[in-house]
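1. Please find the sequence and the predicted model below.
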There are 2 protein chains.
Amino acid sequence: MGEKIKRIHDSQLQNLVVSAEEAASWIQDGMTLGLSGFTRAGDAKAVPTALVKRAENGEDFKVNVYTGASLGSNIDKMFAEAGIINKRLPFQAEPSMRNAINTGEHLFVDQHLSHTSELLRADVIDRVDYAILEAISITEDGLMIPSTSVGNSLSFAETADNIIIELNTAQPESLEGLHDIYSPNKQGEREPIPLTNVDQRIGTIGISLDRKKVKGIVFTHQMDSPSTIVPPDEETKMMADHLLDFLRTEIKAGRLNESLMPLQSGIGSVANAVLHGMVDSEFKDLVVYSEVLQDAVFDLIDAGKVNFASACSLTLSDEKMEQVFHDFDKYRDKLILRPQEISNQPEIIRRLGIISINTALEFDIYGNVNSTHVSGTKMMNGIGGSGDFARNARLGIFVTKSIAKDGDISSIVPFVSHVDHTEHDVDVVVTEQGYADLRGLAPRERVPLIIENCAHPLYREQLWDYYHEALERGGQTPHVLEKAFSWHTNFKEQGTMRHVLVEQN
Amino acid sequence: MGEKIKRIHDSQLQNLVVSAEEAASWIQDGMTLGLSGFTRAGDAKAVPTALVKRAENGEDFKVNVYTGASLGSNIDKMFAEAGIINKRLPFQAEPSMRNAINTGEHLFVDQHLSHTSELLRADVIDRVDYAILEAISITEDGLMIPSTSVGNSLSFAETADNIIIELNTAQPESLEGLHDIYSPNKQGEREPIPLTNVDQRIGTIGISLDRKKVKGIVFTHQMDSPSTIVPPDEETKMMADHLLDFLRTEIKAGRLNESLMPLQSGIGSVANAVLHGMVDSEFKDLVVYSEVLQDAVFDLIDAGKVNFASACSLTLSDEKMEQVFHDFDKYRDKLILRPQEISNQPEIIRRLGIISINTALEFDIYGNVNSTHVSGTKMMNGIGGSGDFARNARLGIFVTKSIAKDGDISSIVPFVSHVDHTEHDVDVVVTEQGYADLRGLAPRERVPLIIENCAHPLYREQLWDYYHEALERGGQTPHVLEKAFSWHTNFKEQGTMRHVLVEQN
């Protein structure tokens, strides 16, 4: 305890140290918890685990769980399997939890990641009874220094009735100074958010604590779960190449220069690979304004391509985590972590003119994007920040492989089975086949580009058939409504979206 | 001419006066025009009419036409009937043009109204060859004073190669001082937009002209087309009552006070009626931050309910136009007209915490909204500013009557046939039946509220039937994809969405 206690520089708080079990015992049936954590980084680890233990020991209770985004450390898995969730928001990415959501065992509210803080501030969603927030230390002035993510921790600290802090001694203290904590005032009483540059600091290095709210401090010593990204495959590399080609065309047209504009890339292997594709490119003096920084951003920093990166979390592979934290001074002055309300804020995204790259599950011939629902019904992860970015970005780009399941699924369909991003918000779509630049195009102009440039050759004729039949009916956005979802229902019934195979079956 | 020329206080420009016919003769096949005009107000009238004459006299040409929003003065009707449009954006609301769009005679790009200016600034869509802008006067300093709308006039003036000004002497000179013209810098070089209050002025009273670009000034004398709103019917009044009830509930919960938050209401009779419902309410000291000010806002000002109103256009009935312009000094210090990039700016909408009220064509049991496409294919008007507002508002409210066509159409359907506003952006839906507050609810929680509170009794059982069948399949958002659009196809084939009737037929 001697060494550890030094992480609490605020002497008024030093006597609040408790065990995870004790802290977890305060949580009662029906309560709402606000947990730190964003894309597996900086999640509260010990108290949630101790809470699950209570359920495993036979206690019957349910809680609402709010987070920044996805959690690591198997927390969501344990929550789902223990059956202790009533409602979860605003994002998750865990198979057991996904299953519990889709069977209706618990409720899931899929939100734009910049919106949760407004709903808390305006007292629209249930108040947080206990905020459980990972930190690396508490300063003399009562500032809580977050760890590898900020997420919604600031909003939880501000609006919760009680706060439990998990001081994680496995997270390097050198993270102090990395964060920039800024909270907008209430709507209607708010000044402009003064951020005009990616590397600008507008707040404090930690979250100011209302000491009366702090009910306990739990020491932990456990690294974040490493990211689960997989190395780029052939198709992902082709997608990256097409995207770079598109950006080169923009430069040629005089709309961008070699520094591009601040880059955002969503969570996951594809987005990481696409960004990684810039390592060997001619682009230079890049900056990143994103919600999560994955391995590729550090490769780009190492390669001298990225000068500065701002986000609300660091989600790294095991290898990268070791490298980055071992030599953190090398990166310190090139990084800022902000609350997700700021990293994903429409005001800032539009002001900075961001190039936004996110993954689609499927898109349709008119450019509507489904980011979340498999076959229109089953939740995959959630919309995350893709809507915050795509709507407000200078360039809203969506990437996906053109086919899945060995060709039995086409990611380009007549009508997406769920709409997360409408035709109004999707600028460019990219597959391993090529890209379609949809900006300024009417729906009928988008169709040939999407089919010829992005759809897999296996499906082009089928898409044309649908479109030609639709065209006979006319309209701004021609459709054959009774066949609009036939590809999805064919897949369900016949195991493939391919008409030739369906007819043979 | 003697009296008229006094409207040009900038002596360098006085020798540029030409006839509408001469100005129209400069326009060539393939050019792009940027026309002033927003919701029938402040549209360029004479040069577009003279241009149509050229086509009627047998000339063969096509142009792209960009505007603020819908035009009055039959301009869009004449354009469509003359067949001179190649591409039209970002909004229209005219039956002949609607028809030409839906038959594919010309292209229409349906855009968020705050986005067009960014696309022009970033040189993404075709440059404007001729901006044709209505004004009331030109000051000594070369400021062009717009008339009853600002719309995209500033963006057109800034980015066009050439400018033609229509000085409309039928528009009262007393409008000078009404406008607040502010242009953000390029993305990445932009400061925060400093607006923090509805009544704040952040710019100049007119549009600064690059005199070299001004090619001609045409005198006109023609009032705007009056608005086409119809008086509230019984159902509209009920919708207004339900909306007021919802707002009262918010006050009771301590989330709002009697001054509410700045109000936005979309174009049209329903939105006007809903706002009009506040005249006899207990709400007070209201302010409006909207894109268009219709009659109801002036009734609210007259009733002492609204203290200040900001928008980008004034669209009034004949009667109201006469009253307001006759006594304009009474309203002058309570009004500001801004560019639509500012009236509809996400940054401002979120900062101010706006209550946004827009009309839906249909919504589904999960809260997705279709604002634009009849049966998923035929364009009605366009998304307009509804997306700018709903996504960023503190309260994004959509209103519609629960049935249409004597009950053969239900506005609440299993799956909307086109998505303009996703479940993530729709807070409250209102029909004459009641309201459903969807905030913080998972999809499965929204369904009972929407069916029981908003759907027409004629359709409740049918909606439950669909949902129960969908529930058996599970999922975050349960659906029966093969039946998702069956209501729409039934209407097309059988003339009704009602199952009982369909089965009888």
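-> Everything's here; your move. Note that the structure is predicted; figures quoted are calculated from it, not measured. Residues are numbered from 1 along each chain as shown, chains lettered A, B, ... in the order given.
2. make it CA atoms for all contacts and neighbour counts henceforth
-> Fine.
3. Please list the residues of the stretch 201-350 of chain A that sit near chain B.
-> Within the stretch 201-350 of chain A, the positions adjacent to chain B are A:Arg255, A:Met261, A:Pro346, A:Glu347, A:Arg350 by CA under 8 Å from any CA of the partner chain.
4. and which of the residues you listed is nearest chain B?
-> A:Glu347 (4.3 Å; CA to the nearest CA).
5. Spit out the contact partners of the closest residue to that closest one other than its chain neighbours.
-> Distance criterion CA to CA, 6 or more residues apart in numbering or on different chains; nearest residue to A:Glu347, sequence neighbours excluded, is B:Glu347 at 4.3 Å. By CA atoms under 8 Å, 6 or more residues apart in numbering or on different chains, the contact set of B:Glu347 is A:Pro346, A:Glu347, B:Ile193.
6. between those residues, which is nearest B:Leu175?
-> Closest approach to B:Leu175 among the contacts of B:Glu347 (CA to CA): B:Ile193, at 24.3 Å.
7. secondary structure element for A:Lys284?
-> In this assignment (DSSP states H and E), A:Lys284 forms part of neither any helix nor any strand.
8. correction: A:Leu300
-> helix A:295-302.
9. So which other helices or strands are in contact with that helix?
-> Packing partners of helix A:295-302 (3 or more CA pairs under 8 Å, 6 or more residues apart in numbering or on different chains; DSSP states H and E): helix A:269-276, strand A:306-311.
10. Residues contacting the longest one, please?
-> Contacts of helix A:269-276 with the rest of the structure, by CA under 8 Å, 6+ apart, involve A:228-232, A:236-237, A:239-241, A:243, A:265-266, A:294-297, A:299-300, A:357-359, A:399-400.
11. try 7 Å this time
-> A:229-230, A:232, A:236-237, A:239-240, A:265, A:294, A:296, A:357-359 (CA atoms under 7 Å, 6 or more residues apart in numbering or on different chains).
12. Same check on stretch A:191-201?
-> Applying CA under 7 Å, 6+ apart, the set of residues contacting stretch A:191-201 is A:Asp180, A:Ile202, A:Tyr289, A:Phe308, A:Ser310, A:Ile348, A:Leu352, B:Glu191, B:Pro192, B:Pro194, B:Thr196.
13. State the distance from A:Met278 to A:Gly266.
-> 15 Å (CA to CA, to the nearest Å).
14. Please read the previous query as pertaining to A:Ser410.
-> Noted for A:Ser410: a distance of 22 Å to A:Gly266, by CA to CA.
15. With neighbour numbers in mind, choose between the two.
-> Legend: neighbour count by other CA atoms under 10 Å in any protein chain shown for A:Ser410 and A:Gly266, higher for A:Ser410 (26 against 23).
16. For the residue most central in space within chain A, which residues are in contact?
-> In chain A, the C-alpha nearest the mean C-alpha coordinate belongs to A:Gly384, at 4.5 Å (CA atoms, centre = their mean). By CA under 7 Å, 6+ apart, the residues touching A:Gly384 are A:Phe91, A:Gln111, A:His112, A:Leu113.
17. switch to 10 Å and redo it
-> Going by CA atoms under 10 Å, 6 or more residues apart in numbering or on different chains, A:Gly384 touches A:39, A:68-70, A:90-92, A:110-114, A:266-267, A:291, A:344, A:358, A:371-372.
18. what's the answer for A:Ala390, then?
-> A:264, A:346, A:349-350, A:354-358, A:396-398, A:421-422, A:424-427.
19. ditto for A:Leu501
-> Going by CA under 10 Å, 6+ apart, A:Leu501 touches A:Asp408, A:Asn490, A:Gln494, A:Gly495.
20. chain center to stretch A:291-309, what's the gap?
-> In this view, stretch A:291-309 has its centroid 17 Å away from the chain centroid, taken as CA atoms, centre = their mean, to the nearest Å.
21. Only the buried residues of it, if you could.
-> Going by neighbour count (16 or more other CA atoms under 10 Å in any protein chain shown), the buried part of stretch A:291-309 is A:291-301, A:305-309.
22. cool, and stretch A:186-205?
-> For stretch A:186-205, burial by neighbour count (16+ other CA under 10 Å) applies to A:187-188, A:190-199, A:201, A:205.
23. Among those, which one lies nearest to B:Tyr130?
-> Sorting those by distance to B:Tyr130 puts A:Thr196 at the head of the list, at 33.2 Å, by CA to CA.
24. any idea how far the closest one lies from A:Ile202?
-> Plainly put, A:Thr196 is 10 Å away from A:Ile202 if you go by CA to CA.
25. so the residue lying closest to A:Ile8 once chain neighbours are set aside bridges to which residues?
-> Distances taken as CA to CA, 6+ apart place A:Ile138 nearest to A:Ile8, at 4.8 Å, with adjacent residues excluded. In this structure, A:Ile138 bridges to A:Ile8, A:Met144 when assessed by DSSP bridges.
26. Let me see the contact set for A:Ile138.
-> A:6-11, A:13-14, A:144-146, A:165, A:167, A:176, A:206-209.
27. try 7 Å
-> Counting by CA under 7 Å, 6+ apart, A:Ile138 makes contact with A:Arg7, A:Ile8, A:His9, A:Asp10, A:Met144, A:Ile145.
28. mind giving me JSON lines with those and columns for neighbour count?
-> Shown next, in JSON lines, are those (neighbours: other CA atoms under 10 Å in any protein chain shown):
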{"residue": "A:Arg7", "neighbour count": "21"}
{"residue": "A:Ile8", "neighbour count": "22"}
{"residue": "A:His9", "neighbour count": "17"}
{"residue": "A:Asp10", "neighbour count": "17"}
{"residue": "A:Met144", "neighbour count": "27"}
{"residue": "A:Ile145", "neighbour count": "27"}
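29. which residue ranges form the strands in the stretch 351-500 of chain A?
-> Counting by DSSP state E, counting those that start in this stretch, one finds strands in the stretch 351-500 of chain A at the ranges A:355-359, A:362-364, A:369-370, A:373-374, A:378-379, A:395-399, A:403-404, A:409-410, A:412-413, A:428-431, A:434-437.
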